[in-house]
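Chemist: One predicted model, sequence on top.
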Amino acid sequence: MEFLEKKEIGRTRVTLTFAQSIDGYISKPNTQIILSCPESMRVTHTIRNNSDGILVGSNTVLTDKPSLTTRYVENPTNPTPIILDTKLKCPPMFLDRSPIIFTSTEYDNAKLDRKKELGHARVFEIPSTDGGLDLQVILKKLYELGIKRLMVEGGATVISNFLKYDLYDSLIITICPTLMNGGVKYVNNSDQVLLNGKWQTVGKDMIFYYHKE
């Protein structure tokens, strides 16, 4: 599959991937929800297995408490956990895997104390933009750190910002036959992308693939 190619392109290659309900929601506040069927879950974990890093926001960490590990595939390898944590509010997690944490340049005593608790985590201060931490600076730093293939999983604000600033090479959306009737949606301002992608049935789900040239 195209999105699993490991060809070098001189910068971090970004695969933006997530699951949503048929009515367009990806999560509910303070609630852990699994939308994908087992077959599409294997697709997701195949992408993880072919990624150097997996990026999520701090709200996803606090709400879902994800393991960010690779499962459901043979000979799994775990990508480096990467967390966007502007206020440095996440508890120490993934420390045995030397996670990369991006936070804002603004500090107070609480952030300084939290930084001391993070042990082997690699913490980098990043300037902020109107949409949060500067993603272009982050991608440049990740490439310098050897993260050549990045998987971005969420949550809604992170997904919306990568879409807003057009900072992805592949977009993979799992559409699940579930009605949530409320929750959290991402923002996608590019209907043209949906017209140019491809669809595939995987188990009970439909998976949308879009790859830039």
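Modeler: It's in.
Chemist: quick one, longest strand in the protein?
Modeler: Secondary structure assigned by DSSP state E gives strand 13-21 as the longest strand of the chain.
Chemist: what's the angle between the helix or strand following it and strand 13-21?
Modeler: Where DSSP states H and E defines the elements, the next helix or strand beyond strand 13-21 is helix 38-49. If you take axes from the mean of the first three to the mean of the last three Cα atoms, to 10 degrees, helix 38-49 sits at 160 degrees to strand 13-21.
Chemist: pLDDT (mean, whole number) over helix 38-49?
Modeler: For helix 38-49, the mean pLDDT works out to 95.
Chemist: So which residues of this structure form helices?
Modeler: Applying DSSP state H to the chain gives helices spanning 38-49, 58-64, 109-117, 135-144, 156-164, 191-196.
Chemist: still on that earlier bit, ok, residues contacting the longest strand of the chain?
Modeler: Applying Cβ atoms under 8 Å, 6 or more residues apart in numbering, the contact partners of strand 13-21 are 3, 26, 35-36, 40, 44, 47, 51, 139, 148-154, 159, 162-163, 167-176, 178-180, 183, 186, 205. Where you see a C-beta, it was placed from the backbone N, CA and C, and this is true even at glycine.
Chemist: now stretch 174-186
Modeler: Taking Cβ under 8 Å, 6+ apart as the rule, stretch 174-186 contacts 17-29, 33, 35-37, 40, 43-44, 155-156, 159-160, 163, 202, 204-208.
Chemist: Any idea which helix or strand in the protein has the lowest mean pLDDT?
Modeler: helix 191-196 (a mean of 67; mean pLDDT, DSSP states H and E).
Chemist: Let's see the pLDDT reported for the residue sitting furthest away from the middle of the chain.
Modeler: Distance to the chain centre peaks in the chain at N109, reaching 28.8 Å (criterion: Cα atoms, centre = their mean). The predicted local confidence for N109 comes out at a pLDDT of 79.
Chemist: What separation is there between it and K115?
Modeler: Distance of N109 to K115, computed by Cβ to Cβ, to the nearest Å: 11 Å.
Chemist: got any ranges where the protein has weak pLDDT?
Modeler: For the chain, the stretches with pLDDT under 70 are 1-8, 131, 189-195.
Chemist: rerun that using 50 as the cut-off
Modeler: Nowhere does the chain drop to pLDDT under 50.
Chemist: Next, count neighbours for the nearest residue to T63 once chain neighbours are set aside.
Modeler: Excluding the flanking residues, the one nearest T63 by Cβ to Cβ, 6 or more residues apart in numbering is N30, at 5.8 Å. Residue neighbour count, defined by other Cβ atoms under 10 Å, stands at 8 for N30.
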